[in-house]
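Colleague: build me a model:
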Amino acid sequence: MKLQHLEKFRAMYDENELSMIFVGISSIEKHFSRYLPLYLRIGFAHEFDNLSKDEMHPIIEYEWSDLGLDSKLEDFSD
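Modeller: Here you go, the predicted structure:
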């Protein structure tokens, strides 16, 4: 992220007293440490493990049904 984007997040946090959750970057804490004003506002960082196939199947089937798709994961080999 560019510095201007990080500054926008910091300003939104300060002006609106809201919480933010950043997902998707395993080294986000290290990334934000380069921008101290935002880094000092991080409460904690937690790295999640990948979901297993058994955990993903119900999520995917739910999303597919929400889109009106009737395919089942069992119809696919991988």
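Colleague: centroid-nearest residue for this structure?
Modeller: The centroid of the chain falls nearest to Val23 when counting by Cα atoms, centre = their mean (2.1 Å).
Colleague: separation between it and Glu15?
Modeller: 23 Å (Cβ to Cβ, to the nearest Å). From N, CA and C alone the C-beta is placed, and that goes for glycine too.
Colleague: for Arg41, what is the enclosing helix or strand?
Modeller: Here Arg41, judged by DSSP states H and E, is contained in no helix and no strand.
Colleague: can you give me the neighbour number for it?
Modeller: 14 (other Cβ atoms under 10 Å).
Colleague: please name the nearest non-neighbouring residue to it.
Modeller: Nearest non-adjacent residue to Arg41, counting by Cβ to Cβ, 6 or more residues apart in numbering: Tyr13, 5.8 Å away.
Colleague: that neighbour touches Phe32, doesn't it?
Modeller: No. Using Cβ atoms under 8 Å, Tyr13 is not in contact with Phe32, being 11.9 Å away.
Colleague: between those two, who's got more neighbours?
Modeller: Neighbour count, other Cβ under 10 Å: between Tyr13 and Phe32, Phe32 has more, with 22 against 15.
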